[in-house]
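> Provide a 3D model corresponding to the input given below.
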Amino acid sequence: MEGKGILFVISAPSGTGKTTLIKELLKRVPRLSFSVSYTTRPPREGEIDGVDYRFVSESEFFKLVQEGKFAEWAQVHGAFYGTPKENLFPKPGTDVILDLDPQGARKIKEIHPNAVLIFIIPPSLKEMEKRLRERGKDSEEAIQRRLTNAKMELDQVKLYEYTVLNDDIEKALECLKAIILAERCKTQRVFREALNGEDNC
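The predicted model follows:
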């Protein structure tokens, strides 16, 4: 019998490389799934509905809110995002990655105290601004708003158990993999799961 997996909440300011890191983690780490959030923002180039996000209108989003479908929801950068309750523990023995901003991370931690919170930081705000400009997806106004929000998000790092510096993607990936393995091998988890006949470490 397998128990519930671990919730890994990953947060980062825009332009930090979070999306790339999560996609690579899902390829390289077994028994890891991604919680697909709902959002009211339009899809970016290359994003696939149902894979990256579930793209819905505001009226559809708030219908889901009223139906109690979300574990948490918030407005971020002018759009609404929600985490479906059903995504948190999709199947026994599978750990889940949630891509959330700090207010979403705080809410998940309140609901699930054992959730593991990881914050990815850029080498510097200057480098983050450079990445935002290079990806060419945002207006000048949007870039300035994201930089302002990034400063506020960085002030909330103390909420997180781990911080990962992404100045090199391979090093950052190795660090994230080490965190996941360490959490899977924690004495309390291993003891509980050994009683259930699991082998996670």
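
> give me every residue that touches residue 72.
Counting by CB atoms under 8 Å, 6 or more residues apart in numbering, residue 72 touches 82, 83, 100, 104, 107, 108, 111. Every C-beta, even on glycine, is put in place using the N, C-alpha and C of the backbone.

> from those residues, which would you call buried?
82, 83, 100, 104, 107, 108 (16 or more other CB atoms under 10 Å).

> quick one: which of these is nearest residue 186?
residue 108 (18.7 Å; CB to CB).

> Which helix or which strand is home to that closest one?
Here residue 108, judged by DSSP states H and E, is contained in helix 102-111.

> for that helix, packing partners?
strand 7-11, strand 70-76, strand 79-84, strand 95-99 (3 or more CB pairs under 8 Å, 6 or more residues apart in numbering; DSSP states H and E).

> can you state the direction angle for it and strand 70-76?
160 degrees (axes from the mean of the first three to the mean of the last three CA atoms, to 10 degrees).

> need the helices for the chain, in chain order.
When assigned using DSSP state H, the helices of the chain occupy the ranges 18-28, 58-66, 102-111, 125-135, 140-154, 169-184, 187-195.

> Need those helices in TSV (columns: mean pLDDT and distance to residue 38).
Compiled in TSV, these are given as follows (pLDDT from 0 to 100; distance: least, CB to CB, whole Å):
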stretch	mean pLDDT	distance to residue 38
helix 18-28	95	17
helix 58-66	98	6
helix 102-111	93	12
helix 125-135	76	23
helix 140-154	79	20
helix 169-184	96	25
helix 187-195	59	30
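
> deepest of those helices, which one?
helix 102-111 (a mean of 18; mean count of other CB atoms under 10 Å).

> Touching it from outside, list them.
Outside helix 102-111, the residues that touch it by CB under 8 Å, 6+ apart are 7, 9, 11, 71-74, 76, 81, 83, 98, 100, 115, 117, 153, 156, 159-160.

> Buried ones from these, can you make that a ChimeraX selection?
Selecting just the buried residues from the contacts of helix 102-111 in ChimeraX takes one command, with 16+ other CB under 10 Å as the test:
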select :7,9,11,71,72,73,74,76,81,83,98,100,115,117,153,160
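
> quick one on the thing from earlier: of the helices and strands packed on helix 102-111, which is nearest residue 40?
Using CB to CB, these put strand 79-84 closest to residue 40, at 4.5 Å.

> Can you list the strands that that closest one pairs with?
Strand 79-84 sits in its sheet next to strand 38-39 (antiparallel), strand 70-76 (antiparallel), going by DSSP bridges.
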